[in-house]
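S.K.: what follows is a protein structure lacking sequence information:
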């Protein structure tokens, strides 16, 4: 996409296209790419002036695009039919792409809320003032490129020692699992998705910087795959069966901005590597 272009879905009509071959939509105003509304709660501080404000989380993000359709009076209605179809309500989320100068192409995952327009005297010359709306359940903005990294299984560190002991003796050094850096180049934490292929028994995912670990009590066969979505907090076996109960230590985490050193462990050895998928996230 070129600068200041917008598109709903992978095959949708580009709004504000550089190639202004009729019919096209000329976007004149965009709302919703600033900070989203925050979910806030206020409480009085008894006995003193002031109070307490909780404003940690964001509400859903609403996008509004205003502009004008430029076409001719013969094919105006056909073009409007196409736009109404593309922006019709959807049960599933759709990617909304936008490209602004100086940054990589970004995406928000939205549900469209339709196209609004009036018919007035401009229609006689093939012009229609138009408004597009959509809403993102997850207010995060992401890079459009999905990053996927393999994480090889490491050897769990062994601690303690047995008796009787011989003196002198050395403690040695623990053996750290293989570590992978999932670098988040955005300006906010981003939710990862982990894919764990079988065969493996009781896999564990460890975030070194946050000292958080997700521990699973499950045995996967060679044809099984466990998908762990940190945003929706779901655990699915073979992409269909919920195995949320297999997560015996639900120490959920997002990837911090910058470096994120991840480790993969299990009760069995020689298992195939798991993978982590994520997008750089922006406010």
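M.R.: That came in fine, so what should we check first? All values derive from a computational prediction rather than experimental measurement.
S.K.: which residues touch the top strand by length along the chain?
M.R.: Longest among the strand segments of the chain by residue count, using DSSP state E, is strand 106-117. By Cβ atoms under 8 Å, 6 or more residues apart in numbering, the residues outside strand 106-117 that reach it are 8, 61, 63, 69, 80, 83-84, 86-90, 93-100, 128-138, 140-144, 279, 282. Yep, even glycine has a C-beta here, placed from its N, CA and C like the rest.
S.K.: among the residues you listed, which lie within strands?
M.R.: Per DSSP E, these map to strands at 8, 61, 63, 69, 94-99, 128-136, 141-143, 282.
S.K.: separate out the buried members of the contacts of strand 106-117.
M.R.: Among those, those classed as buried by 16 or more other Cβ atoms under 10 Å are 8, 61, 63, 69, 80, 83, 86-87, 94, 96-99, 128-130, 132-136, 138, 140-144, 279, 282.
S.K.: what strands line up against the longest strand of the chain, and which way round?
M.R.: The pairing partners recorded for strand 106-117 under DSSP bridges are strand 94-99 (antiparallel), strand 127-136 (antiparallel), strand 141-143 (antiparallel).
S.K.: got a markdown table for those, with distance to residue 259 and mean pLDDT too?
M.R.: As requested, those are arranged in a markdown table below (distance: least, Cβ to Cβ, whole Å; pLDDT from 0 to 100):
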| stretch | distance to residue 259 | mean pLDDT |
| --- | --- | --- |
| strand 94-99 | 27 | 98 |
| strand 127-136 | 27 | 96 |
| strand 141-143 | 17 | 98 |
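S.K.: how about the ones you listed, which one is nearest residue 34?
M.R.: Among the strands paired with strand 106-117, the nearest to residue 34 by Cβ to Cβ is strand 141-143 (10.8 Å).
S.K.: next SSE after the closest one?
M.R.: Downstream of strand 141-143, the first helix or strand assigned by DSSP states H and E is strand 147-151.
S.K.: mind giving me the packing neighbours of that next one?
M.R.: With contacts taken as 3 or more Cβ pairs under 8 Å, 6 or more residues apart in numbering; DSSP states H and E, strand 147-151 sits against strand 179-181, strand 261-265, strand 274-278.
S.K.: average pLDDT for that strand?
M.R.: Average pLDDT, strand 147-151: 97.
S.K.: same question for stretch 204-221.
M.R.: Across stretch 204-221, pLDDT averages out at 96.
S.K.: how long is it from one end to the other?
M.R.: The first and last residues of stretch 204-221 sit 16 Å apart, counting by Cα to Cα, to the nearest Å.
S.K.: separation between the closest residue to residue 128 other than its chain neighbours and residue 234?
M.R.: Leaving aside its sequence neighbours, residue 128 sits nearest to residue 69 (Cβ to Cβ, 6 or more residues apart in numbering; 4.3 Å). Applying Cβ to Cβ, to the nearest Å, the value for residue 69 to residue 234 is 41 Å.
S.K.: for residue 220, what are its contacts?
M.R.: Neighbouring residues of residue 220 by Cβ under 8 Å, 6+ apart: 196, 197, 198, 199, 200, 201, 203, 226, 237.
S.K.: neighbours around the last one, how many?
M.R.: When you say that, I think you mean residue 237. Using other Cβ atoms under 10 Å, residue 237 has 17 other residues around it.
S.K.: what's the spacing between it and residue 226?
M.R.: 6 Å.
S.K.: mind listing the shared neighbours of these two?
M.R.: 218, 220, 243.
S.K.: can you give me the pLDDT of residue 122?
M.R.: Per-residue pLDDT puts residue 122 at 83.
S.K.: that one - that's part of a helix, no?
M.R.: Yes - under DSSP: H, G, I helix; E, B strand; the rest coil, residue 122 sits within a helix.
S.K.: that one reaches residue 76, doesn't it?
M.R.: No - when contacts are counted by Cβ atoms under 8 Å, residue 122 is not listed as touching residue 76 (10.0 Å).
S.K.: those two: which has the busier surroundings?
M.R.: residue 76 (21 against 14).
S.K.: how about that one: what's its closest non-neighbour residue?
M.R.: In space, residue 76 is closest to residue 126, 5.4 Å off (Cβ to Cβ, 6+ apart).
S.K.: pretty sure the one you found sits against residue 73.
M.R.: Yes - the criterion here is Cβ under 8 Å, and residue 126 meets it with residue 73 at 4.6 Å.
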